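Visitor: here are the coordinates; sequence isn't available:
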């Protein structure tokens with residue numbers, strides 16, 4: 001039995017015939033805020049490789065609650081909890097990080113960022129010293145979750161993560177790279193977010209080779225607040241489920257679901273938010289795959305595009321003096337501001353659809369862009385705030 005091998009031109013001719021037009025790319029192409037080229041169909045034209053993660057199985061991280069000890073094997077802590085054994089503990093509070101007494105059977109990771117993200121940009125030397133003295137597996141967090149929630153593009157998030165890493169290397173030496181946790185917020189563009197995590201694995205590995213290392217980044221991924229709304233909170237559950245799926249398939253080492261009822265939080269809503277992860281992991285085992293989308297023509301292509309564009313932006317940041325220098329000058333803040341305002345305008349125009357906000361039902365605009373955003377400050381803004 002033999003198969004006919006079709007060329008890309010053969011597919012194009014078929015699509016032209018079916019759509020009855022020569023301008024198929026004009027019809028099938030769709031704009032996106034990242035300026036990433038998305039083709040209507042792909043062919044395999046590049047070599048692929050598995051992009052590994054640090055953990056064998058993605059940690060499903062819960063906000064600590066009484067009674068969850070038997071169901072959760074990883075907790076995010078803001079306050080000290082005694083008696084935990086054989087858990088992965090993610091420390092989310094600088095005061096707790098400085099004073100916690102570690103238990104031998106647990107594993108400890110820091111989610112504490114030592115950067116101040118304002119015009120007085122600097123690395124907190126005292127806090128960094130305290131964290132580095134702790135018996136944690138990973139002592140310092142490079143946090144770009146705020147940037148995503150403030151409206152930064154994927155390309156900006158990846159470049160900022162590298163630029164912050166470079167600042168830490170210059171301050172503490174290359175060995176610091178083995179002590180980092182990278183904290184990303186995951187948005188709603190399903191395949192783009194998978195590619196974001198994959199692209200950062202590739203980028204960080206290449207970055208580490210500049211210092212004669214061959215490292216895999218430790219990635220902590222959490223659901224975004226950017227696309228969540230006060231009304232119809234159940235819609236937030238659907239959005240965060242897709243975000244968690246992107247994170248697991250992309251190869252995050254740990255995932256965390258923020259409370260879908262972010263303004264009316266309860267013990268039940270926190271538990272439901274965590275159990276989203278349980279259902280995804282136990283029903284589909286996507287948390288154990290090393291790189292599930294490796295070899296996907298589409299995902300591989302956009303991963304490469306994100307990596308190339310982010311690396312270019314990272315080099316531009318370095319040429320201008322680095323992340324802290326551009327924070328002091330306000331350029332980082334302005335970059336995020338311009339991207340965030342553009343995204344907000346797409347929501348206002350209906351080019352980005354948020355069910356229950358600008359679609360089914362359509363709410364009236366109540367706040368302006370000027371009321372929501374500040375070009376001098378990086379702050380989290382939900383897209384739905386314009387209508388609430």
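Guide: Thanks, I have it. The model shown is predicted, which means the values in this text are computed figures rather than measured ones.
Visitor: Going by C-alpha atoms from here, please, whenever you check contacts or count neighbours.
Guide: Fine.
Visitor: what about the strands in this structure?
Guide: 59-63, 74-77, 88-91, 107-110, 140-143, 180-186, 219-223, 254-256 (DSSP state E).
Visitor: Any idea which of those strands gets closest to residue 166?
Guide: strand 140-143 (10.8 Å; CA to CA).
Visitor: would CSV of the strands of the chain with mean pLDDT be doable?
Guide: Formatted as CSV, those follow (pLDDT from 0 to 100):
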stretch, mean pLDDT
strand 59-63, 97
strand 74-77, 98
strand 88-91, 98
strand 107-110, 98
strand 140-143, 98
strand 180-186, 98
strand 219-223, 98
strand 254-256, 98
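Visitor: Redo these as CSV? Include distance to residue 324 and mean neighbour count.
Guide: Shown next, in CSV, are those (distance: least, CA to CA, whole Å; neighbours: other CA atoms under 10 Å):
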stretch, distance to residue 324, mean neighbour count
strand 59-63, 31, 24
strand 74-77, 28, 22
strand 88-91, 25, 24
strand 107-110, 21, 23
strand 140-143, 13, 24
strand 180-186, 18, 25
strand 219-223, 22, 26
strand 254-256, 28, 26
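Visitor: Let's see the pLDDT reported for residue 307.
Guide: We have a pLDDT of 98 for residue 307.
Visitor: where does the residue nearest to it when sequence neighbours are not counted sit relative to residue 50, distance-wise?
Guide: Leaving aside its sequence neighbours, residue 307 sits nearest to residue 199 (CA to CA, 6 or more residues apart in numbering; 5.1 Å). Counting by CA to CA, to the nearest Å, the gap from residue 199 to residue 50 is 12 Å.
Visitor: now do residue 64
Guide: Noted for residue 64: a distance of 34 Å to residue 50, by CA to CA.
Visitor: isn't the residue nearest to residue 307 right up against residue 301?
Guide: No - between residue 199 and residue 301 there is no contact, the gap being 10.4 Å when judged by CA atoms under 8 Å.
Visitor: neighbour-wise, which of these two wins?
Guide: Neighbours were counted for residue 199 and for residue 301 using other CA atoms under 10 Å; residue 199 has more, 26 against 20.
Visitor: By mean pLDDT, point me to the weakest helix or strand of the protein.
Guide: Lowest by mean pLDDT, DSSP states H and E among the helices and strands of the chain is helix 24-28, with a mean of 84.
Visitor: Run the chain-centre distance for it.
Guide: 30 Å (CA atoms, centre = their mean, to the nearest Å).
Visitor: what comes up buried for it?
Guide: The neighbour-count check on helix 24-28 (16 or more other CA atoms under 10 Å) flags residue 24 as buried.
Visitor: Which residues does that helix contact?
Guide: Contacts with helix 24-28, where a contact means CA atoms under 8 Å, 6 or more residues apart in numbering, come from 15, 16, 39, 40.
Visitor: can you rerun that using 7 Å?
Guide: 16, 40 (CA atoms under 7 Å, 6 or more residues apart in numbering).
Visitor: got a list of what the closest residue to residue 76 other than its chain neighbours touches?
Guide: Spatial nearest neighbour of residue 76, chain neighbours left out: residue 90 (4.6 Å); criterion: CA to CA, 6+ apart. Residue 90 sits next to 75, 76, 77, 108, 109, 110, 111 when contact means CA under 7 Å, 6+ apart.
Visitor: give me the beta-bridge partners of residue 90?
Guide: Listed by DSSP bridges, the beta-bridge partners for residue 90 are residue 76, residue 109.
Visitor: State the distance from it to residue 319.
Guide: From residue 90 to residue 319 the distance is 34 Å (CA to CA).
Visitor: do residue 78 as well
Guide: As for residue 78, its distance to residue 319 is 38 Å (criterion: CA to CA).
Visitor: Can you report how many residues neighbour the closest residue to residue 330 other than its chain neighbours?
Guide: Distances taken as CA to CA, 6+ apart place residue 376 nearest to residue 330, at 6.3 Å, with adjacent residues excluded. Residues lying near residue 376 (other CA under 10 Å) number 17.
Visitor: wouldn't residue 376 be in contact with residue 332 here?
Guide: No - counting by CA atoms under 7 Å, residue 376 sits too far from residue 332 to count as a contact (9.1 Å).
Visitor: I'd assumed residue 380 was in contact with residue 146.
Guide: Yes - using CA under 7 Å, residue 146 is in contact with residue 380, at 6.3 Å.
Visitor: and these two? which has more neighbours close in?
Guide: The neighbour count for residue 146 versus residue 380, taken as other CA under 10 Å, is higher for residue 146 (21 against 17).
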